[in-house]
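Colleague: predicted model follows, preceded by the sequence.
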Amino acid sequence: MRAFLERLAARRRFGIHPGLDTMRQLCDALGNPEQDCAVIHIAGTNGKGSVAAICEAALRTMGLPVGRYTSPHLIRVNERFLVHGEPVSDEALTRALDEVERVCAEKALEPTFFEVLTACAWVIFRDAGCKIVVCETGMGGRWDATNIIPAPLVTVITRVALDHCAILGDTIEAIAAEKAGIIKEGCPVVIGQMDPRARAVIDTVVAEQHTTLRDAAEEVRVTVSRRTVHGQTLQCSTPSCDYPAALTRLAGSYQVINAATALVTLEALAKHGIVVPPKAFTEALRTVDWPARCQLLSDDPPVFLDGGHNPDALKALRESLKSMHIRKRIALVCGFCQDKAIVDALREIAPLVSCAWTVPIATERSLSPQETADAARAAGIATAIPMSTVSEALEAATNWAQDCHGTVVICGSLYLAGEVLALRDEADEPTLDPGELPRAH
């Protein structure tokens, strides 16, 4: 796998390809494996990964041959490619890369990092016999490498917020337009909870593409009968069905709308003859695993890990913590990339934070611990202590939380989340860019 990663890393130097020509040529040379399966295509700023995970789990519960492509990974690149519920093997991943590199050499193509990974995904799913693939976009939508899918079963857009503004635009409307670029003519669209400015943009594109739109926030009623640090019990109802209650490990209050969005997406498959029974959706909620999203790592003291790194995500994290009656005495461990709205993000969670420990993260785009501490103070966190390593920060925050009967919260980056999970599991260091790489999409 080391050789695979070294070969893949070299692709970063090709930067951004504004357009889909290279990806189309690459897939044509591969025999268009992306056309060998039916696809649920999901874009959005926050929530798309959780929706993808729930949809994949429900379809797999039905016994369907299903794949899932998401990004980024947390520890191992294999996590991006789920085949019948399991991360792809090293051998299958290497075989796919061999095939992709062979056709690149034959056609003199120089795809980016993310284009190569996406081409590998289609080869992996073809070879594994996957008939349905739940596919998450990378960063945007319109020019995303996944957007060569000709006609998805369903197009999904989750919550749109400000993120990757240097590339996608610095307004909600501009970012929504990029996300809405995955909408195809005649292919039904499902949306999650949406800013009215984003909704207006999506409505326009839906009309232009002569298709239909279903709004999960309007169609699904979700009752939360119990919520603890370990999860929550959800009971969902749509105009066509009252679904059984299910206890899910997805603990964040924001997972309510993600569950609703996944449910409407699954119901929309009936148009294609795929009827998802209520018990499959309920079982998906019960069994789905989506790490680093308000994930409880330990009980004493409570330690939560969340990959949230933009203001909208940290606002959602704050509301999730409050819904679990965690309203003060938070020991925050955080690290950010330089291109994030860090002060605005930290301002969302600052009212709950007693003390912060700031850390470097494993990327050249990392903000220094001192710069992150300065941002924390600017956001209203009076005590912010720069630390040289994640492990030292975790030890200090945990000791403080034990002494003060508090809670540890780790957030700011999926790079950081990957490092924390690797430390906890005594795994190898996270492999190759476990976070979003704007230059590689």
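Modeller: Cool, got the structure. Numbers count the residues shown, from 1 in each chain.

Colleague: how far out from the middle of the chain is the helix or strand hosting Lys315?
Modeller: Per DSSP states H and E: Lys315 is located in helix 311-323. Computed by CA atoms, centre = their mean, to the nearest Å, the separation of helix 311-323 from the middle of its chain amounts to 16 Å.

Colleague: which residues are in contact with it?
Modeller: For helix 311-323, the external contacting residues (CB atoms under 8 Å, 6 or more residues apart in numbering) are 45-46, 159, 161-163, 227, 251-254, 294, 304, 306-308, 327, 330, 341, 344-349, 351-352, 407, 409, 411. In short, each C-beta sits where N, CA and C put it, glycine included.

Colleague: swap in 6 Å and give it another go.
Modeller: If you take CB atoms under 6 Å, 6 or more residues apart in numbering as the criterion, helix 311-323 is touched by 46, 161, 227, 252-254, 294, 306, 308, 341, 344-345, 348-349.

Colleague: with neighbour count and pLDDT added, can I get those residues in a markdown table?
Modeller: Formatted as a markdown table, those follow (neighbours: other CB atoms under 10 Å; pLDDT from 0 to 100):
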| residue | neighbour count | pLDDT |
| --- | --- | --- |
| Asn46 | 24 | 90 |
| Ala161 | 20 | 86 |
| Arg227 | 18 | 89 |
| Gly252 | 27 | 87 |
| Ser253 | 20 | 90 |
| Tyr254 | 26 | 91 |
| Cys294 | 27 | 93 |
| Asp306 | 25 | 95 |
| Gly308 | 29 | 91 |
| Ala341 | 18 | 88 |
| Asp344 | 17 | 95 |
| Ala345 | 26 | 95 |
| Glu348 | 20 | 97 |
| Ile349 | 28 | 96 |
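
Colleague: what is the nearest of those residues to Arg80?
Modeller: Nearest to Arg80 among the contacts of helix 311-323 is Asn46, at 18.4 Å by CB to CB.

Colleague: quickly list what the closest one is bridged to.
Modeller: Arg159 (DSSP bridges).

Colleague: pull the contacting residues for it.
Modeller: Shown in contact with Asn46 (CB under 6 Å, 6+ apart): 159, 161, 312-313.

Colleague: top of those by neighbour count?
Modeller: When neighbours are counted by other CB atoms under 10 Å, Ala313 leads the contacts of Asn46 with 26 neighbours.

Colleague: just the pLDDT at that one, thanks.
Modeller: Listed pLDDT for Ala313 reads 91.

Colleague: got the domain ranges for this structure?
Modeller: Here the domain parsing of the chain from automatic domain parsing is 2-287, 295-425+432-440.

Colleague: find out how far the last one is from the centre of the chain, if you would.
Modeller: Read it as domain 295-425+432-440. Distance, stretch centre to chain centre, for domain 295-425+432-440: 18 Å (CA atoms, centre = their mean).

Colleague: could I get the full set of strands for the stretch 151-300 of the chain?
Modeller: Ranges of strands in the stretch 151-300 of the chain, per DSSP state E, counting those that start in this stretch, are 154-157, 189-191, 213-215, 221-228, 231-238, 241-242, 246-248, 295-299.
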